[in-house]
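[1] need coordinates for the below:
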Amino acid sequence: MTHTFHIPVLGLAFSIDSAIKVAQYGISSVMSIVDDELIERMRCYYCGEYQIPYQPILTSEEDYRANRITAYLNLVQFVVNKQITALKHQPFTEGSELAKYFQLLPDSHPSKPLYHAMEIETNLAIKTELQDLLITYLKAGDIDVNIMSKVDKINYKNGKVLDERFSDALAALRGFANSNLHSSLILSAGMNPHLYAYLAELPAFFPDNESMFDKKVTLKVSDFRSALIQAKYLAKRGVWVSEFRIESGLNCGGHAFATDGFLLGPILQEFKEKKESLKAELFEIYKEYWNAQKRFLTIPPVIKYTVQGGVGTALEHEFFLDYYGFDAVGWGSPFLMVPEATTVDQETLKTLELAEKEDFYCSGASPLGIPFNNFRKSGAEHLRVERIKKGRPGSPCKKEYLISNTEFSDKPICTASRVYQHQKIQELTQQNLSAAEYEKAFEAITEKTCLCEGLAAPAYLKYNIQKTKEQTAVAICPGPNLVWFKKQYTLREMIDHIYGRISVFDNNNRPFVLINELNLYIDHIQKYVTDNQNIINDKKIKYVAKFKAQLQAGIAYYEELVQHLSHIPQNMIAAIPKQLELASLRLKDIHM
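    The predicted structure follows:
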């Protein structure tokens, strides 16, 4: 990799065009390909920006969803190629994009000494020779895509169910497979056998004669067991996992896939210890499949390991790379504050600048029923509360990407929809609950919010591509770590912060990333106990006991880890023993 960090997928709109903004600097980013309506509007917008003829792909067309995705991805690739070509013809003058490319690189990059030597060289012939050599290092960042496996509704046309290959996830996968990109598909939100089986049918993911791939597969997971199960399932079908992207269960943005008390440090330790055995086990399964196809493989393809979730300083970044031997670190939420890299409307940016710790919280807002990192001061939250006050909770359901509930109809509907919440509240009024019980149940129903519209809205606002009377209240899902990033930054400021050339923090009181996650997990199990205090049973008692035991094991691991934190500031290291002691005391006080 050109850089030792990547920008993970950020909602629907926030990283939808990040590649167009940062790939020319060698920075890899990930875009969601869930929302084909957003994607089609972005294609129209950028065709206009680059004076490319635009032919709309209508919903009436065959396989329109896949075709829209393919067309946009091809456009992004075209634009990035054009940017790289332009860079190669620029001078190495101060302020040029070409100079910026090399200035942003980590100091460990092999071209960095050459660049510094070129800067001070006075012999014109040698200087030109160095410049020609530097040009050979130019490489665009990867244009990766993300599919949430669980977002896979079956679609209809003229009232009839379409073939399963036209489901949301399969059509998105086909759109990527048919594109010109040579990059990775990041699969998240658990295993979807229906999707994985279809993936194994697509030649774009097959190995060539040198075990290289046109398109790679990355699994985003929160623990080793999940990684192993999913990767073995794919290997049995001839699909190699080229990267395991380990994400903190709670210290991240978007949906939060909490483990059963397994903390990030011990999880990374397990990957560190089992990398080679994991690769060997997967290769035996993978090789057996391809041998049966008369493709005799002898060398296992490469596997990369990356980590993301809550990292905030250069020293934490280096710690993950050096101590655990990982290849790169994902920096997600901090890039929401970098307009050069992501797409966030100005009103939301200004609100984030003024945010306090309590404004970031893990909510039940997602219609998927998965905990969701939310922002209290977002436009979408204001709209949700306003609708409740007016006696019309819920949202009109137009895009239907997150429909899943069949309580009141044969065809699934969304739990954030007005239709569902109206019927659910009517049902609630007939249960003769106490005022407190009713209020709690009512809040659980109406907390669900429309993410399809809200997470796309920032792009509509920023590029003025909303339709007439279209709702543009913004939903945003930053991780709690964003509270430390207090203003908007330039791309150079953020990258210099990542690499330790500057610090964007005004104070040094921020706890170590692994301590932050530990406290989030203690908050999580405390909330579980509180929410279930009136419905206690043996299963829940055992769950809490097991969860607490895993957290206590994690605390013991961190007590040993302190001696290996030589790169971390002494004031941060000195605070850890007391922080672990307090965490252990908090844990002991939690009882079901």
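[2] which stretches in this protein count as strands?
    Assignment of strands within the chain using DSSP state E yields the ranges 5-7, 28-32, 143-148, 156-157, 160-161, 184-188, 216-221, 241-247, 304-308, 328-330, 360-363, 372-375.
[3] pull the contacting residues for the nearest residue to residue 310 once chain neighbours are set aside.
    Spatial nearest neighbour of residue 310, chain neighbours left out: residue 251 (3.3 Å); criterion: Cβ to Cβ, 6 or more residues apart in numbering. Where C-beta positions appear, they are placed from N, C-alpha and C, glycine not excepted. Residue 251 makes contacts with 264, 309-310, 479-481, 513, 516-517, 520, as judged by Cβ atoms under 8 Å, 6 or more residues apart in numbering.
[4] ok, and the most crowded of those residues?
    Within the contacts of residue 251, most neighbours by other Cβ atoms under 10 Å means residue 264, with 30 neighbours.
[5] where's it relative to residue 315, distance?
    Look at residue 264 and residue 315: by Cβ to Cβ, to the nearest Å, they are 16 Å apart.
[6] got it, and residue 444?
    Per Cβ to Cβ, residue 444 is found 41 Å from residue 315.
[7] the two: who's more crowded?
    Remark: of residue 444 and residue 315, residue 315 carries more neighbours, 18 against 13, as counted by other Cβ under 10 Å.
[8] show me where the stretch 401-550 of the chain has helices.
    Along the stretch 401-550 of the chain, counting by DSSP state H, counting those that start in this stretch, helices occupy 418-429, 435-446, 451-454, 457-462, 491-498, 513-531, 538-561.
[9] any idea which of those gets closest to residue 282?
    helix 538-561 (26.0 Å; Cβ to Cβ).
[10] contacts only, for the residue nearest the centre of the chain.
    By Cα atoms, centre = their mean, the chain has its centre lying nearest to residue 9, at 3.6 Å. For residue 9, the contact set (Cβ under 8 Å, 6+ apart) comprises 15, 30-32, 146, 186, 188, 254.
[11] can I get the residues you listed in a markdown table with neighbour count, distance to residue 583 and pLDDT?
    Formatted as a markdown table, the contacts of residue 9 follow (neighbours: other Cβ atoms under 10 Å; distance: Cβ to Cβ, whole Å; pLDDT from 0 to 100):
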| residue | neighbour count | distance to residue 583 | pLDDT |
| --- | --- | --- | --- |
| 15 | 26 | 33 | 98 |
| 30 | 28 | 32 | 98 |
| 31 | 27 | 37 | 98 |
| 32 | 26 | 34 | 98 |
| 146 | 24 | 33 | 98 |
| 186 | 23 | 32 | 98 |
| 188 | 24 | 28 | 96 |
| 254 | 28 | 25 | 95 |
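[12] could I get the contacts of residue 251 as JSON lines with pLDDT?
    Listed next are these as JSON lines, based on pLDDT from 0 to 100:
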{"residue": "264", "pLDDT": "98"}
{"residue": "309", "pLDDT": "96"}
{"residue": "310", "pLDDT": "96"}
{"residue": "479", "pLDDT": "96"}
{"residue": "480", "pLDDT": "96"}
{"residue": "481", "pLDDT": "95"}
{"residue": "513", "pLDDT": "96"}
{"residue": "516", "pLDDT": "97"}
{"residue": "517", "pLDDT": "98"}
{"residue": "520", "pLDDT": "97"}
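[13] just say which of the helices of the stretch 401-550 of the chain is most tucked in.
    Sort the helices of the stretch 401-550 of the chain by mean neighbour count, taking mean count of other Cβ atoms under 10 Å, and helix 451-454 sits at the top with a mean of 26.
[14] what mean pLDDT would you report for that one?
    Across helix 451-454, the average pLDDT comes to 96.
[15] would you confirm that residue 465 contacts residue 41?
    Yes - contact criterion Cβ atoms under 8 Å: residue 465 and residue 41 qualify, at 4.8 Å.
[16] what touches both of those two?
    With Cβ under 8 Å, 6+ apart, residue 465 and residue 41 have common neighbours residue 459.
[17] which other helices and strands does whichever helix in the chain runs longest contact?
    Ranked by residue count, the top helix of the chain under DSSP state H comes out as helix 264-292. Other elements packing on helix 264-292 under the criterion 3 or more Cβ pairs under 8 Å, 6 or more residues apart in numbering; DSSP states H and E are helix 224-235, strand 241-247, strand 304-308, helix 513-531, helix 538-561.
[18] give me the contact list for the first one.
    Contacts made with helix 224-235 from outside it, assessed by Cβ under 8 Å, 6+ apart, are listed as 187, 190-191, 193, 196, 199-200, 217, 219, 221, 240-241, 244, 246, 267, 270-271, 274, 278, 281-283, 285-286, 289.
[19] which of the residues you listed are buried?
    187, 190-191, 196, 199-200, 217, 219, 221, 240-241, 244, 246, 267, 270-271, 278, 282-283, 285-286, 289 (16 or more other Cβ atoms under 10 Å).
[20] burial count for the residue nearest to residue 166 when sequence neighbours are not counted?
    Spatial nearest neighbour of residue 166, excluding adjacent residues (Cβ to Cβ, 6+ apart): residue 155 at 5.3 Å. Neighbours of residue 155 under the rule other Cβ under 10 Å: 15.
[21] contact partners for residue 155?
    Residue 155 makes contact with 65, 161-162, 166-168, 171 under the criterion Cβ under 8 Å, 6+ apart.
[22] related to what we said a few turns ago, make CSV from the helices of the stretch 401-550 of the chain and add distance to residue 584 to it.
    Listed next are these as CSV, based on distance: least, Cβ to Cβ, whole Å:
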stretch, distance to residue 584
helix 418-429, 40
helix 435-446, 31
helix 451-454, 37
helix 457-462, 41
helix 491-498, 32
helix 513-531, 10
helix 538-561, 5
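[23] closest to residue 366 out of those?
    The closest of those to residue 366 is helix 451-454. By Cβ to Cβ, the value is 6.4 Å.
[24] hmm, who's touching that closest one?
    By Cβ under 8 Å, 6+ apart, helix 451-454 touches 12, 35, 365-367, 372, 378-380, 395, 397-402, 416, 471, 473-476.
[25] and what of stretch 340-351?
    Applying Cβ under 8 Å, 6+ apart, the contact partners of stretch 340-351 are 7, 10, 13-18, 21-22, 27, 29, 335-337, 339, 352, 375, 377-379, 457-459, 461-463, 474, 476, 488, 490-491, 494.
[26] span of that stretch from start to end?
    Separation of the first and last residues of stretch 340-351 by Cα to Cα, to the nearest Å is 18 Å.
[27] mind splitting this structure into its structural domains?
    5-73+140-334, 356-475, 511-592 (automatic domain parsing).
[28] so how far is the second one from its chain's centroid?
    Relative to the chain's own centre, domain 356-475 is displaced by 21 Å; criterion: Cα atoms, centre = their mean, to the nearest Å.
[29] and for the shortest one?
    Averaging C-alpha coordinates over domain 511-592 and over its chain gives two centres that are 24 Å apart (Cα atoms, centre = their mean).
[30] for the longest one, same thing?
    Relative to its chain's centre, domain 5-73+140-334 lies at 10 Å (Cα atoms, centre = their mean).
[31] mind listing what the spatially closest residue to residue 212 that is not a sequence neighbour touches?
    Closest residue to residue 212 in three dimensions, ignoring its sequence neighbours and counting by Cβ to Cβ, 6+ apart: residue 301, at 7.6 Å. Residue 301 makes contact with 207, 211-213, 240, 242, according to Cβ under 8 Å, 6+ apart.
[32] now residue 301: how far from residue 202?
    As defined by Cβ to Cβ, residue 301 lies at a distance of 17 Å from residue 202.
[33] for residue 19, same thing?
    Separation of residue 19 from residue 202 (Cβ to Cβ): 22 Å.
[34] same question, residue 463
    32 Å.
[35] equivalent analysis for residue 492, please.
    Residue 492 is 39 Å from residue 202, by Cβ to Cβ.
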